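# Fold the following for me, if possible:
(one chain, ligands or ions: 1)
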Amino acid sequence: MKVMLYFPPLVVASVKNPYPSLSILSSYLKDNSNHDVFVKDINVDFINNLVNISEQNGKDNNSESYLLKYARIIRNKIYIILSIIFSKRIYTLLYRRFMRLRYRPFRSKKGIMHFIREKKQQVNLLSIENHVIEGLKILFDIENGIDYKTIQTLKTNDSRYECDHYLLDFWNLKFSQIYSLLNSEIPDKIYSSLGSNYFYEIKRDEKQLFGISVAFFTQFGAAISLAKHIKKINPTAFIVIGGPVIRHVSDKFHRIMQLFSIVDCFVETEGEDILLELANRIGKNEDWHDIPGIIYRDIHDTIINNPPIQFDIRKNGLPDYTYVANHKYLLPDTLYLRTSIGCYWNKCAFCTQALNKYKHRSVETIVDDMIKMSEVYRCNFIYLSDESVPFIKITKIADLIIRKKFNILWTTYSRLETKFPIALCKRIIRSGCDLLSFGLESANQRVNDLMNKGVSISTVIENLNTFRKLRFGCAIGAIIGFPGETEQEMHHTADFLNSYIRENKGVAGYISIFSLNAKSYVYNHPQEYGISFIEKADEYFYKENYDYKSENGVPYEKMMGIANVVNMKSMSKVIFRGENVKSGRKSRR
Ligand code: SF4
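Down below sits the predicted model:
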């Protein structure tokens, strides 16, 4: 049976390196069957296409922009050189390696080369973001018909602005947008722009199974449109759309039954076993309707949601990244390895992770897979993709890497809930992890408790002081605008982050504005947070941020002002700030 796995647009950040969902599904199918598996990252091809469209247009329109393009290339090269020369990180890394911690990855030149390429690609990513916006404007002919702020939502998490086109609406999707997508006679420019031979693998009337992976809601509209495109070429194709976001919308399917005329079923839990079973049954022309975990429309026009069987994450083998060579990523040697599903804490009031049951892999299998990934795919950097790895597990991973004398750079997410002793942090750094990411959310204890983050700010301060002593990098995410949070408390968080960003060159902080998601605890218990009203938003299939009324409501622009001070500081740390970043952010103040 021919199984095609697709990752649809639009996730701009995934141009850096491949998102792990396709590699996990592909490896599971290959390890457990003889099905012919084909993987394609349409997202990255579409982004590169937008960059070409934007550059091409710049060239054709006037000779001045042609010259400017080369001036920009030279300027970017100067940025890269300067950012390497003046980057404290490289001195810190050399200091660790030679003076103090015998930092393993820098025993080989590949560690240093990776660092230099990473700097270069950070500059490239900023330029790609701008090209994507320019390319979208040209492709969809919206140069003058769109509010500047609306299209900027592609670069920020600001979900207040809306747009008619489903792809540009980004954080929202209305039923009307899906209907017009389903009923349109005009081919979607996303797919037609990729060229007439792009989908050469889809064969009319051949028995084919298509799995479309939707990791972020920004891909949902494009996934539906992709399903329509596939069915047009091969009306007999079987199409399944799956991914974590499906849980957020599965209770709305009964309001848009037409979806099931192009999508055979949806999957809202881990898809490995389900996809395998679908391929087995469809390959043998057997009935598939009783497969656990699928959502479909039956002959009586009723939505059937078969109860799922929990997937055992220990059955996952080495991710299959062989398809990476067919695409153009910025850092193809930087790969993800999934180590768990869900979150072990799972109690934050604003979060929707509670929808997933926590499952995780052992330290031994994680490190074994890291070693194999480095050998098979020659990768230099591994992201352990996890909502948050407990600190004690991170130290065990680090210890095993050191014991096995494995030379790799790696990073992951953790929580600041426990004290991080200096000796353990040194071992983590020695193993090749020079940066950890955390969600602090609020530096104000009252607000942090209100969010149910389960973190003591005094422990956070102790840990950050340890990081400063060791020059250990950390990226801290925060949220302001939580219902009931005062302006003074928001400033508290911003000042806290600012002081650490100033003191420790390795610390970067990013503040986002709270958004009320329909599946969160806050949404379901508004009275506990002083929320007196939440909009119904019936016309939306999905809405990232519900409007609401609460006590102490601080104007959005004011919150953006508080957040931007921190975000700009961190941004300038990541790379010398390019004009593109400055102008984009300035206009939002
Ligand atoms: S915000 Fe992070 S720590 Fe909190 S429940 Fe969600 S995933 Fe877990």
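
# so where's the stretch 101-250 of the chain uncertain?
101-115, 119-120, 122-123, 143-161 (pLDDT under 70).

# I'd like the domain boundaries of this structure, if you could list them.
Using automatic domain parsing, the domain parsing of the chain gives 2-43+163-305, 49-152, 333-414, 434-589.

# my guess is G506 meets R471, correct?
Yes: here G506 reaches R471: they are 5.7 Å apart, a contact under Cβ atoms under 8 Å. Where C-beta positions appear, they are placed from N, C-alpha and C, glycine not excepted.

# Which stretches in the stretch 301-450 of the chain count as helices?
With DSSP state H, counting those that start in this stretch, the ranges of helices along the stretch 301-450 of the chain come out as 363-376, 391-403, 422-430, 445-450.

# before we move on, the earlier item: can you redo the domains of the chain as a markdown table, where the extra columns are distance to the ligand and mean neighbour count?
Formatted as a markdown table, those follow (distance: least, Cβ to the nearest ligand atom, whole Å; neighbours: other Cβ atoms under 10 Å):
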| stretch | distance to the ligand | mean neighbour count |
| --- | --- | --- |
| domain 2-43+163-305 | 12 | 19 |
| domain 49-152 | 24 | 16 |
| domain 333-414 | 3 | 19 |
| domain 434-589 | 5 | 18 |
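
# Determine which of those domains shows the lowest mean per-residue pLDDT.
Averaged per stretch, pLDDT over those is lowest on domain 49-152, reaching a mean of 67.

# end to end, how far does stretch 202-219 reach?
21 Å (Cα to Cα, to the nearest Å).

# Now find how far off-centre it is within its chain.
20 Å (Cα atoms, centre = their mean, to the nearest Å).

# next one: stretch 209-222
13 Å.

# returning to that earlier point: L318 is nearest to which of the domains of the chain?
L318 lies closest, by Cβ to Cβ, to one member of these: domain 333-414, at 5.1 Å.

# Run through the residues that contact the closest residue to Y336 other than its chain neighbours.
Once flanking residues are discounted, Y336 sits nearest to P20: 3.9 Å by Cβ to Cβ, 6 or more residues apart in numbering. The contact partners of P20, by Cβ atoms under 8 Å, 6 or more residues apart in numbering, come to 319, 335-338, 385.

# redo that, cut-off 6 Å
336, 338, 385 (Cβ atoms under 6 Å, 6 or more residues apart in numbering).

# same check, this time on L139
L139 sits in contact with 189, 193, where contact means Cβ under 6 Å, 6+ apart.

# Ramachandran angles for it?
Main-chain torsions, L139, degrees, to the nearest 10: phi -60, psi -40.

# picking that back up, quick one, phi/psi of the residue nearest to Y336?
phi -80, psi -10.

# Output the domains of the chain as CSV; include the columns distance to F420.
Putting those into CSV (distance: least, Cβ to Cβ, whole Å) gives the following:
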stretch, distance to F420
domain 2-43+163-305, 27
domain 49-152, 15
domain 333-414, 6
domain 434-589, 5
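
# Out of those, flag the one nearest H327.
Once these are compared by Cβ to Cβ, domain 2-43+163-305 is nearest, at 5.1 Å.

# and that closest one, how far apart are its ends?
Across domain 2-43+163-305, first to last residue, Cα to Cα, it's 26 Å.

# swap in stretch 189-204?
21 Å.

# 32 is where my numbering starts, stick with that
Done: numbering now begins at 32, and the last item shifts to stretch 220-235.

# does K359 really touch N79, like I thought?
Yes: K359 lies in contact with N79 (Cβ atoms under 6 Å); the separation is 5.3 Å.

# Who has more neighbours out of those two?
N79 (19 against 13; other Cβ atoms under 10 Å).

# how close does the more buried one get to G166?
10 Å (Cβ to Cβ, to the nearest Å).

# Helix, strand or coil: sort out V70 for me.
Three-state assignment for V70 (DSSP: H, G, I helix; E, B strand; the rest coil): strand.

# which residues touch it?
By Cβ under 6 Å, 6+ apart, the neighbours of V70 are 36, 53, 57, 354.

# who's the first one bridged to?
As for beta bridges, L36 partners with V70, G242 under DSSP bridges.

# Quick check: D76 vs Y360, distance?
The value you get for D76 to Y360, if Cβ to Cβ is used, is 11 Å.

# now C410
Going from C410 to Y360 by Cβ to Cβ gives 11 Å.

# go on, Y579?
Applying Cβ to Cβ, the value for Y579 to Y360 is 39 Å.

# cool, I305 as well?
28 Å.

# What of R434?
32 Å.

# again with E237
For E237, the distance to Y360 - Cβ to Cβ - is 30 Å.

# ditto for V34
According to Cβ to Cβ, V34 and Y360 sit 23 Å apart.

# again, but for V398
On the measure of Cβ to Cβ, V398 and Y360 end up 25 Å apart.

# what's the helix or strand for Q87?
For Q87, the element it lies in under DSSP states H and E is helix 73-92.

# Determine the set of other helices and strands touching that helix.
Helix 73-92 makes packing contacts with helix 94-116, helix 140-170 when contacts are defined by 3 or more Cβ pairs under 6 Å, 6 or more residues apart in numbering; DSSP states H and E.

# hey, C-alpha coordinates of that helix in PDB?
Below are the C-alpha coordinates for helix 73-92, written out as PDB (Å, rounded to 0.1, in the frame of the first residue of the first chain):
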ATOM      1  CA  ILE A  73       5.100  20.900   1.700                       C
ATOM      2  CA  ASN A  74       5.500  23.600   4.300                       C
ATOM      3  CA  VAL A  75       9.200  24.100   3.700                       C
ATOM      4  CA  ASP A  76       8.800  23.900  -0.100                       C
ATOM      5  CA  PHE A  77       6.000  26.500   0.000                       C
ATOM      6  CA  ILE A  78       8.100  28.900   2.200                       C
ATOM      7  CA  ASN A  79      11.100  28.600  -0.200                       C
ATOM      8  CA  ASN A  80       8.800  29.200  -3.100                       C
ATOM      9  CA  LEU A  81       7.500  32.400  -1.400                       C
ATOM     10  CA  VAL A  82      11.100  33.500  -0.900                       C
ATOM     11  CA  ASN A  83      11.700  32.900  -4.600                       C
ATOM     12  CA  ILE A  84       8.600  34.800  -5.600                       C
ATOM     13  CA  SER A  85       9.500  37.700  -3.300                       C
ATOM     14  CA  GLU A  86      13.100  37.800  -4.600                       C
ATOM     15  CA  GLN A  87      12.000  37.500  -8.200                       C
ATOM     16  CA  ASN A  88       9.600  40.300  -7.900                       C
ATOM     17  CA  GLY A  89      12.300  42.500  -6.300                       C
ATOM     18  CA  LYS A  90      14.600  41.800  -9.300                       C
ATOM     19  CA  ASP A  91      12.000  42.400 -11.900                       C
ATOM     20  CA  ASN A  92      10.500  45.600 -10.500                       C
END
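
# what comes into contact with that helix?
37-40, 42, 45-46, 96-97, 100, 159, 162-163, 165-166, 169, 224, 358-359.

# Strands of the stretch 432-581 of the chain, start to end?
When assigned using DSSP state E, counting those that start in this stretch, the strands of the stretch 432-581 of the chain occupy the ranges 440-445, 466-472, 504-511, 538-544, 562-565, 571-574, 579-581.

# Give me the contacts around the helix or strand hosting L240.
For L240, the element it lies in under DSSP H and E is strand 239-244. Applying Cβ under 6 Å, 6+ apart, the contact partners of strand 239-244 are 33-38, 52-53, 254, 257, 261, 268-272, 274, 306, 310, 313.

# Which elements pack onto the following helix or strand past it?
Note on strand 239-244: by DSSP H and E, the next helix or strand toward the C-terminus is helix 251-264. Counting contacts by 3+ Cβ pairs under 6 Å, 6+ apart, helix 251-264 is packed against strand 239-244.
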